[in-house]
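[1] A structural model of the following input is requested.
(one chain, ligands or ions: 1)
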Amino acid sequence: MQIAIDGPASAGKSTVAKLVASKLNYVYCDTGAMYRVVTLMALRRGVAADDAESVTALLDDIDIEFVPSAEGQLVHMNGTDVTLAIRQEDVTNNVSSVSAIPAVRARLTKLQRDIAAKGNIVMDGRDIGTTVLPDAELKVFMVASVEERARRRFLDNQQKGIDVSQAVLEKEIAERDRKDSSRAVSPLKQAADAIKLDTTHLSIDEVVTKIIALYDERAAK
Ligand code: DC
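    Numbering: from 1, shown residues only. A predicted model of the protein is given here:
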């Protein structure tokens with residue numbers, strides 16, 4: 001079975017998707033991490049995130065791997081652990097430009113479908129229900145207010161020692177929403193058959209419970 005979880009930045013998708021996958025013993029695939037790896041490589045090579053031709057040329061030099069570990073799933077770029085590096089602010093603020101490049105999307109979409117073809121999967125991102133896995137049995141579109149998402153990212157950042165004010169985070173999140181929703185290829189959009197879940201006033205556990213209930217419903221059919 002395929003479970004697609006989409007939604008805007010910081011709506012809690014990856015936290016929830018990881019827990020759902022672990023409860024069901026499914027593989028978890030964080031597609032945002034893949035766009036982040038390409039962005040990190042561009043920054044390290046001094047390539048502008050909106051230089052479509054040069055970013056596309058980097059794709060042949062990038063090998064992305066998800067590696068299970070005792071601390072959770074790690075992200076490797078060419079054999080090196082970049083799990084933390086891809087969460088830094090410079091990557092976050094450039095990833096929307098990289099992910100708007102059609103050739104980057106085409107390549108990563110193929111990789112994501114190859115991963116999903118191996119078995120039961122929970123995949124999170126922006127276009128999983130609409131483009132990557134249009135036949136997924138369960139599609140969830142998670143949303144939350146910009147204020148709440150900035151608050152969550154702020155708390156998250158504090159734990160990582162990243163110091164950015166909540167007001168700046170609100171602006172960055174709103175800007176990323178705008179870019180992700182307005183790009184020409186596979187914009188952030190709720191699939192017609194996805195179930196919308198507003199998590200603004202829900203705890204992580206409540207969201208996970210709701211998704212597992214939806215899964216049970218689908219599995220029973
Ligand atoms: O979920 P995230 O914040 O790690 O995603 C990083 C960026 O990658 C996000 O701004 C949009 C892009 N993205 C995408 O375009 N398509 C996906 N399936 C996943 C992420």
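
[2] okay, CA-based contacts and neighbour counts for the rest of this
    Will do.

[3] Contacts for the strand or helix carrying residue 209, please.
    Element membership for residue 209, per DSSP states H and E: helix 204-220. With contact meaning CA atoms under 8 Å, 6 or more residues apart in numbering, helix 204-220 is reached by 12, 15, 16, 19, 20, 137, 138, 140, 199.

[4] if we go to 7 Å?
    With contact meaning CA atoms under 7 Å, 6 or more residues apart in numbering, helix 204-220 is reached by 16, 20, 138, 199.

[5] for it, which positions count as buried?
    Neighbour counts over helix 204-220 (16 or more other CA atoms under 10 Å) mark 207, 208, 211, 212, 214, 215 as buried.

[6] One more: stretch 35-55?
    Result for stretch 35-55 [16+ other CA under 10 Å]: buried residues 35-43, 47, 49-50, 52, 55.

[7] Of those, which is the nearest to residue 123?
    Residue 123 has its nearest neighbour among the buried residues of stretch 35-55 in residue 35, at 13.8 Å by CA to CA.

[8] I'd like the distance between the residue nearest to the closest one when sequence neighbours are not counted and the ligand.
    Closest residue to residue 35 apart from its sequence neighbours, by CA to CA, 6 or more residues apart in numbering: residue 99 at 6.1 Å. From residue 99 across to the ligand, the span is 5 Å (CA to the nearest ligand atom, to the nearest Å).

[9] Give me the most central residue, this structure.
    Centroid-nearest residue in the chain: residue 32, 3.2 Å away (criterion: CA atoms, centre = their mean).

[10] Which of the buried residues of stretch 35-55 fall within helices?
    Under the assignment DSSP state H, the buried residues of stretch 35-55 contribute 35, 36, 37, 38, 39, 40, 41, 42, 43, 52, 55 to helices.

[11] Now narrow the residues you listed to whatever sits close to the ligand.
    Residues of these in contact with the ligand (CA under 6 Å from any ligand atom): 35, 36.

[12] Mind jotting down where the strands sit in the protein?
    With strands called from DSSP state E, the chain shows them at 2-6, 27-30, 64-67, 74-77, 80-81, 121-125, 138-143, 195-198.

[13] Using CSV, lay out the ones you listed together with mean pLDDT and distance to the ligand.
    Converted to CSV, the strands of the chain look like this (pLDDT from 0 to 100; distance: least, CA to the nearest ligand atom, whole Å):
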stretch, mean pLDDT, distance to the ligand
strand 2-6, 98, 8
strand 27-30, 96, 7
strand 64-67, 96, 14
strand 74-77, 97, 12
strand 80-81, 98, 16
strand 121-125, 97, 4
strand 138-143, 97, 12
strand 195-198, 96, 16
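
[14] Give me every residue in this structure lying close to the ligand.
    When proximity is defined as CA under 6 Å from any ligand atom, the chain approaches the ligand at 9, 31-33, 35-36, 95-96, 99, 125-128, 176, 180.

[15] Who wins on neighbours among these?
    Of all these, the highest neighbour tally under other CA atoms under 10 Å goes to residue 128, namely 30 neighbours.

[16] Give me the pLDDT for that one.
    pLDDT for residue 128: 97.

[17] Over to residue 146?
    Per-residue confidence at residue 146 stands at 97 (pLDDT).

[18] same check, this time on residue 7
    For residue 7, the pLDDT comes out at 95.

[19] what's around it, how many residues?
    The number of residues near residue 7, taken as other CA under 10 Å, comes to 24.

[20] For it, which residues are in contact?
    By CA under 7 Å, 6+ apart, the contact set of residue 7 is 125, 126, 141, 142, 143.

[21] next one: residue 166
    Shown in contact with residue 166 (CA under 7 Å, 6+ apart): 150, 151, 154.
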